[in-house]
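Asks: What would the 3D arrangement of this be:
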Amino acid sequence: MRRFLQVTLIAFAIGMIGFALTRAPDANASVAYRSPYTFEQTFGSGLRLLRVDLGFKILEKDRDLGYIMFEYTSPESGKKTYNGSMEVVDAKDGVHVAVQIPDMPQYHESMIVEQLQKKLVSEHGQPSKNKDKDKSKDADKDKDKSKDADKDKDKSKDGDDDKSKDGDKKSSDEDLAAE
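Replies: Predicted coordinates:
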């Protein structure tokens, strides 16, 4: 009896491992992209891409919250539609775009993101990579200006001290001569 229980448990464990390894993963992925363009440019181009270029039906959109819900139709699946979403979020380090089509493999989402990248370049030109550098240079210049102003203040203080020291020397020389 004991032997039977051990064999049953081992068979069950092997069966569970086999099941876990052969089970297809869920398609709940999303593809993210950091856009170098403004929120307005990215959201507008994304909406035009989905509606005009790809011909998807827009179910819901909200520019203030930065999302677009659409019906995705894959060329592979014929007339069957899948719900998808595009999120556009304005963050400190740029505009973040996430595309999700939960019922489809990830390459469908990647295709939409790649087409959005191309559309942004075709509509708005190459992004200026120097924007961040220019902002940091301007900030550094402002810091340098305040440091220079502090130096000028320090120099005027030092100059006054030198004058008083010179005056002290003259008065002490005069005192010595008087004696």
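Asks: what's in contact with the top strand by length along the chain?
Replies: Longest strand of the chain, by residue count under DSSP state E: strand 81-91. Strand 81-91 has contacts (Cβ atoms under 8 Å, 6 or more residues apart in numbering) with 35, 39, 42-43, 46, 50, 56-57, 59, 66-74, 95-104, 109, 112. Quick note: C-beta positions are derived from backbone N, CA and C, even for glycine.
Asks: What of stretch 62-80?
Replies: Contacts of stretch 62-80 (Cβ under 8 Å, 6+ apart): 39, 43, 46-47, 50-51, 55-61, 81-90, 101, 104, 108.
Asks: still on that earlier bit, separate out the buried members of the contacts of strand 81-91.
Replies: By neighbour count, with 16 or more other Cβ atoms under 10 Å, the contacts of strand 81-91 hold 35, 39, 42-43, 46, 50, 56, 66-70, 72-73, 95-101, 103-104, 109, 112 as buried.
Asks: Which of these fall within strands?
Replies: Per DSSP E, the buried ones among the contacts of strand 81-91 map to strands at 35, 67-70, 72-73, 95-100.
Asks: can these go into a markdown table with extra columns for pLDDT and distance to Arg3?
Replies: Converted to a markdown table, those look like this (pLDDT from 0 to 100; distance: Cβ to Cβ, whole Å):
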| residue | pLDDT | distance to Arg3 |
| --- | --- | --- |
| Ser35 | 90 | 64 |
| Tyr67 | 94 | 60 |
| Ile68 | 95 | 62 |
| Met69 | 96 | 59 |
| Phe70 | 95 | 60 |
| Tyr72 | 92 | 55 |
| Thr73 | 88 | 58 |
| Val95 | 93 | 65 |
| His96 | 94 | 59 |
| Val97 | 94 | 60 |
| Ala98 | 93 | 55 |
| Val99 | 94 | 56 |
| Gln100 | 94 | 52 |
